[in-house]
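# just coords:
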């Protein structure tokens, strides 16, 4: 088998609704130094460190998936910068660009970003999504149990390093919905793309209620009291609907009130090898053993037995991906307890 033949995609994973899967989100740790109320349970039970997939195994899985159509990889957590070696992992992933990988990004709370921004840029990271739910120091502490200033310092360091930055803000009624205007003005001043996110049932202690959701329409109504809001069309597979405010883009991710699921192209793997075809999937696929058996294409022949078995297992599971959030929640069977810190955003 020659190496050129090896590098051709075997298949592009699709689900039963014809949606091709192009984006893979890899959670490298469930640990986080923040305790955001919409994510982290009060008393988290951390994954055992010896159960986490090694970066070598994660790299081999990423290579396997890029050869099957994945062209964007996002590193998530927990807080990904809490796992030692993540910068080197991003550097390793650069090798997959010649196989078709187009973009490598990260979602972070920015607390450690002042320390890591330059190294991440040198490693080849393309973009950073930063979670920031309030610019009010007291409120930020209430939401996260951490100080705001290190986050702002991290954002500044990322900007100085030359990163493309998106700011993600989860809005919860009664907590921080009054931050819509301050965050928008701040993002406009800084030149960041801001994305508001509806509160989703992903909180660790399952206290979510629909009454706490600040909807897309609520957000737009508030924005229109201060700004001229222009709707942009052509959302594609992006989870956010896009609007222009003073010439800069604002996105709204409205899973609850106006779901974006119809064009979803994302897949997820958590840090111990559980694979999910949807953030809200009622059941994941434990691939820990199969992933640890994978070898890099540089050292094996095309489609060895373990890779073929994994492709068939994944293909079947991905095909069964449901239509979306509302289709899943409408079913009577109980859904799994989902905590955002264990799977990433």
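In hand now; what should we look at? Because the structure is a prediction, the values reported are computed rather than measured.
# for this structure, longest helix please?
helix 305-319 (DSSP state H).
# From the contact counts, what lies against it?
Here helix 305-319 touches strand 285-286, helix 288-293, going by 3 or more C-beta pairs under 8 Å, 6 or more residues apart in numbering; DSSP states H and E. In this view, the C-beta of every residue, glycine as well, is placed from N, C-alpha and C.
# can you rerun that using 6 Å?
Helices and strands touching helix 305-319, as assessed by 3 or more C-beta pairs under 6 Å, 6 or more residues apart in numbering; DSSP states H and E, are absent.
# any idea which helix or strand comes after it?
Using DSSP states H and E, the helix or strand that follows helix 305-319 in sequence is helix 325-329.
# helix, strand or coil for residue 25?
Using DSSP: H, G, I helix; E, B strand; the rest coil, the structure places residue 25 in strand.
# didn't it look like it was pressed against residue 76?
Yes. In this structure, residue 25 is within contact of residue 76 by C-beta atoms under 6 Å, at 5.5 Å.
# buried ones in stretch 156-166?
157-159, 161, 163, 165-166 (16 or more other C-beta atoms under 10 Å).
# For it, measure first residue to last.
Terminal residues of stretch 156-166 lie 13 Å apart, using C-alpha to C-alpha, to the nearest Å.
# Stretch 135-152 too?
9 Å.
# Residues contacting that stretch, please?
The contact list for stretch 135-152 (C-beta atoms under 6 Å, 6 or more residues apart in numbering) reads 34-36, 110-111, 133-134, 182, 186.
# And it, what's buried?
135, 139-140, 143-144, 146, 148, 150-152.
# Which residue is the nearest non-sequential neighbour of residue 201?
residue 208 (4.0 Å; C-beta to C-beta, 6 or more residues apart in numbering).
# same question, residue 274
residue 284 (4.3 Å).
# I'd guessed that neighbour sits against residue 278; true?
No. Using C-beta under 6 Å, residue 284 makes no contact with residue 278, being 9.7 Å away.
# For these two, work out which one has more neighbours and name it.
Just comparing residue 284 and residue 278: by other C-beta atoms under 10 Å the higher neighbour count belongs to residue 278, 22 against 19.
# Can you name the element that comes right after the strand of greatest length in the chain?
Looking across the chain with DSSP state E, the single longest strand is strand 164-171. Counting by DSSP H and E, the next helix or strand C-terminal to strand 164-171 is helix 180-190.
# Run through who's touching that next one.
135, 167, 169, 194, 222, 226, 246, 248.
# now stretch 106-120
34, 75-76, 79-81, 87, 125, 128-131, 150-151, 153-155, 157-158, 161, 345.
# what does stretch 76-89 give?
With C-beta under 6 Å, 6+ apart as the criterion, stretch 76-89 contacts 25, 27-33, 55, 106-109, 112, 116, 119, 123, 341, 344-345.
# With stretch 223-232 instead?
Counting by C-beta under 6 Å, 6+ apart, 181, 242-245 sit against stretch 223-232.
# In PyMOL, select just the buried ones from these.
Under the burial definition 16+ other C-beta under 10 Å, those of those that qualify are selected in PyMOL by:
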select buried, resi 242+243+245
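# quick revisit: buried residues in the longest helix of the chain?
Here helix 305-319 shows 306-307, 310-311, 314, 317-318 as buried, counting by 16+ other C-beta under 10 Å.
# swap in stretch 277-288?
Buried residues in stretch 277-288, counting neighbours by 16+ other C-beta under 10 Å, are found at 277-281, 284-285, 287-288.
# I am finished for the moment; much appreciated.
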